[in-house]
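Visitor: Give me the fold of what follows.
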Amino acid sequence: MYKIVRKKELNPTVTLMDIEAPFVAKKAKAGQFIIFRIDEMGERVPLTVAGTDKEAGTVTIIFQKVGFTTKALGELNEGDYIRDFVGPLGKPTPVEGKKKVCVVGGGVGCAIALPSARGFKEAGAEVTVIVGFRSKDIVILEDEFKEVADHFIMMTDDGSYGRHGLVTQPLQELLEAGEQFDEVLAIGPVPMMKFVAKTTQPFGVHTSVSLNPIMIDGTGMCGGCRVTVGGET
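Guide: Presented below is the predicted three-dimensional model:
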């Protein structure tokens, strides 16, 4: 059993929790994920590791309450326990050897982008962060991003906070101004990631995105998570 030691509502639909899981906290790296079950009858749900505290032995998860299990998890409180918390799973984000990177996050995808931005910063890179949300009332993790970003740009679709527009606009401006990134990492809705990739393509900037297909076993063996990009699986 794994204890919930902290719970924080980031906005009306997104919740942060710190879970007591010392063995996972000890090994987890940026870009990896866990799979949890609330109880013995519960479904297995993957969530990206949003952060760790190795001394306290806790793992931070951030989730949007959209389905039965995430809504049930959101109803639990500090001091409650969940049945399973397996990880770390997946390949870590390759953060070493980069001098200058740009991390682009959209909506709840910012919860996945944050640990990678932190990983790049800890590896010695100069980090530019561009994040976008529909409006001010659903903004999350702004302070956390500012802690790890050398340059931070906030965008909102409706102009209610930060700059008015899409995340691709400041990215396009930076590239046209001659900014040279070793890596652009985009995490968010698929259309957003698509247009980030289209923005960087003419400049020849290596760009990575985070696709989230169906996941069953969490190890890649069942094949449910495979996607086809450009004719290659």
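Visitor: Check residue 224 and give its pLDDT.
Guide: pLDDT for residue 224: 83.
Visitor: change the start of the numbering to 293 and stick with it
Guide: Sure thing, new numbering starts at 293, so read that last one as residue 516.
Visitor: Pull the number of nearby residues for it.
Guide: Counted with other C-beta atoms under 10 Å, residues neighbouring residue 516 total 12. To be clear about C-beta, it is placed using only N, CA and C from the backbone, and glycine gets the same treatment.
Visitor: which SS state does it fall under?
Guide: Secondary structure state of residue 516, per DSSP: H, G, I helix; E, B strand; the rest coil, is coil.
Visitor: residues contacting the residue lying closest to it once chain neighbours are set aside?
Guide: Leaving aside its chain neighbours, residue 516 sits nearest to residue 508 (4.4 Å; criterion: C-beta to C-beta, 6 or more residues apart in numbering). Taking C-beta atoms under 8 Å, 6 or more residues apart in numbering as the criterion, residue 508 is in contact with 336, 514, 516, 517.
Visitor: you'd agree residue 508 is in a strand?
Guide: No: counting by three-state DSSP, residue 508 is not found in a strand; it is coil.
Visitor: Could you give the secondary structure assignment for residue 511?
Guide: Assigned with three-state DSSP, residue 511 falls in the coil class.
Visitor: Spatially, what comes nearest to it if we skip its sequence neighbours?
Guide: Nearest to residue 511 is residue 381, by C-beta to C-beta, 6+ apart, at 6.8 Å.
Visitor: Can you give me the distance of that neighbour to residue 347?
Guide: Using C-beta to C-beta, to the nearest Å, residue 381 is found at 23 Å from residue 347.
Visitor: which of the two has more neighbours?
Guide: For residue 381 versus residue 347, neighbours defined as other C-beta under 10 Å are more numerous around residue 381 (18 against 8).
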